[in-house]
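A.B. asks: dropping the sequence and predicted coords here.
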Amino acid sequence: MKVPFRILPVIVFAQFCCTSLWFAGNAVMPNLFDEFGLSSNALGHLTSAVQFGFIAGTLTFAFFTISDRFSPSKVFFICALFGGFINLGILLESNDLYSLIIFRFLTGFSLAGIYPVGMKIASDYFDKGLGRSLGYLVGALVIGTAFPHLLKEISGIIKLEWRSVIYFTSALAAIGGVLILAFVPDGPYRSKRQKPDLSLIFKVFKNNDFRSAAFGYFGHMWELYAFWAFVPVILAFYKNFHPEANFSIAFISFLVIGLGGVACVLSGYISEKVGVKKTAGLSLFLSGLCCLISPLVFYMNSEILLMGFLIFWGLVVVADSPLFSTLVAKNTEAESRGTALTIVNCIGFSITIISIQMLNYFNGILSPALIFVILSIGPIFGLTALFRKPKLKG
């Protein structure tokens, strides 16, 4: 069946719009520190709150098999509107750390109906070329995640208040939800589950090939969000360690994270030639290598080397993300695919909380230049799981 041309671009753009909610708080974190009198460790707590919310949301969605029982497009729409509205809660003048954590938690909960459900919608339309399609989709997530940093940079240049970043990301989320509802009906490969299967989240892991793909993804997730969250931290450390350095932390953070979206698209195309598993494994190996050599680069007095290294790391750290999702989807039955993608996301994002909090802890007792070595644990585990059994489809 021929898929209308508009489908993939609309899904990709809507995903970009809605996932801009993810790091909206991180982009204005220094302003939140000043506005509400927060301490420096609030970075880890507020970032983890989004992840906790996402985990709670994905666990709820998976437990009740929401995206397999109800229209994924309608689920996406409702969650986009809810997320955009809750995101505005950051602006309340009465906020303190605890209320901000609640708002970021609820934002994360709404994202559970956006990111994995967006992948479910794509998999319902694209049976062949799923890796390439998910490459575009995860690329949109990456750019959406980085976009608030660019908004922060632009707002500073044209003298807009930091609150404009929050207003704009909420508006984008609403636009993304409306686009999906209006232009992307349920796909032709959708297989609807008639009633909830509360045991499904356990059944999918009985498949050895699914388990290998999922565990590879978990190793990838140990590194990814901790790296993204602490990019501004390492850039600030570098500027303090080398006072002559002159660059914008917000703009470089956007480049390092955002260019990963290009890598997701390219990895989708490369995987069609080389194979999904091999491409994912190479990306995971290179990002693990970056973890190990990072202290050498961070101490060197070379802005060009620093920027080149971080951008390369930003490319390889996320290039395998759509590939792992492809492997998970290919090794799951169609009627269980939405739940499988959701539960894998749930566990993966649970792991990010541990790694983020671990970096947050070690950042208080060690030099920031040393803490990224800890992230190498993830790629090592992921590679071991991925290549333990040579049976994965793709």
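C.D. replies: Noted; the coordinates are in hand.
A.B. asks: alpha carbons only for contacts and neighbour counts from here, please
C.D. replies: OK.
A.B. asks: for this protein, where's the lowest mean pLDDT among helices and strands?
C.D. replies: Across the helices and strands of the chain, mean confidence by mean pLDDT, DSSP states H and E is lowest for helix 200-203: a mean of 71.
A.B. asks: helix/strand/coil for the residue of the chain most remote from its centre?
C.D. replies: Distance from the C-alpha centroid of the chain peaks at Glu244, with 33.1 Å (Cα atoms, centre = their mean). In three-state terms, and counting by DSSP: H, G, I helix; E, B strand; the rest coil, Glu244 is coil.
A.B. asks: just to revisit the earlier point, any idea which helix or strand comes after the least confident helix or strand of the chain?
C.D. replies: Sequence-wise, the next helix or strand downstream of helix 200-203 (DSSP states H and E) is helix 208-241.
A.B. asks: what about that following helix, distance to the chain center?
C.D. replies: 10 Å (Cα atoms, centre = their mean, to the nearest Å).
A.B. asks: and that helix, what does it pack against?
C.D. replies: Packed against helix 208-241 by the contact rule (3 or more Cα pairs under 8 Å, 6 or more residues apart in numbering; DSSP states H and E) you find helix 249-258, helix 276-299, helix 303-319, helix 321-330, helix 337-365, helix 377-386.
A.B. asks: among those, which is the most enclosed?
C.D. replies: Most buried of the helices and strands packed on helix 208-241, by mean neighbour count (mean count of other Cα atoms under 10 Å): helix 321-330, with a mean of 26.
A.B. asks: what would the helices and strands packed on helix 208-241 look like in JSON lines with distance to Leu141 and mean pLDDT?
C.D. replies: As requested, the helices and strands packed on helix 208-241 are exported to JSON lines (distance: least, Cα to Cα, whole Å; pLDDT from 0 to 100):
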{"stretch": "helix 249-258", "distance to Leu141": "9", "mean pLDDT": "91"}
{"stretch": "helix 276-299", "distance to Leu141": "18", "mean pLDDT": "95"}
{"stretch": "helix 303-319", "distance to Leu141": "10", "mean pLDDT": "96"}
{"stretch": "helix 321-330", "distance to Leu141": "10", "mean pLDDT": "88"}
{"stretch": "helix 337-365", "distance to Leu141": "14", "mean pLDDT": "86"}
{"stretch": "helix 377-386", "distance to Leu141": "21", "mean pLDDT": "95"}
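A.B. asks: okay if I get these as CSV plus distance to Trp162?
C.D. replies: Listed next are the helices and strands packed on helix 208-241 as CSV, based on distance: least, Cα to Cα, whole Å:
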stretch, distance to Trp162
helix 249-258, 13
helix 276-299, 29
helix 303-319, 26
helix 321-330, 31
helix 337-365, 25
helix 377-386, 35
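A.B. asks: the ones you listed: which one's closest to Phe105?
C.D. replies: Each of the helices and strands packed on helix 208-241 has some distance to Phe105 by Cα to Cα; the shortest is helix 337-365, at 12.4 Å.
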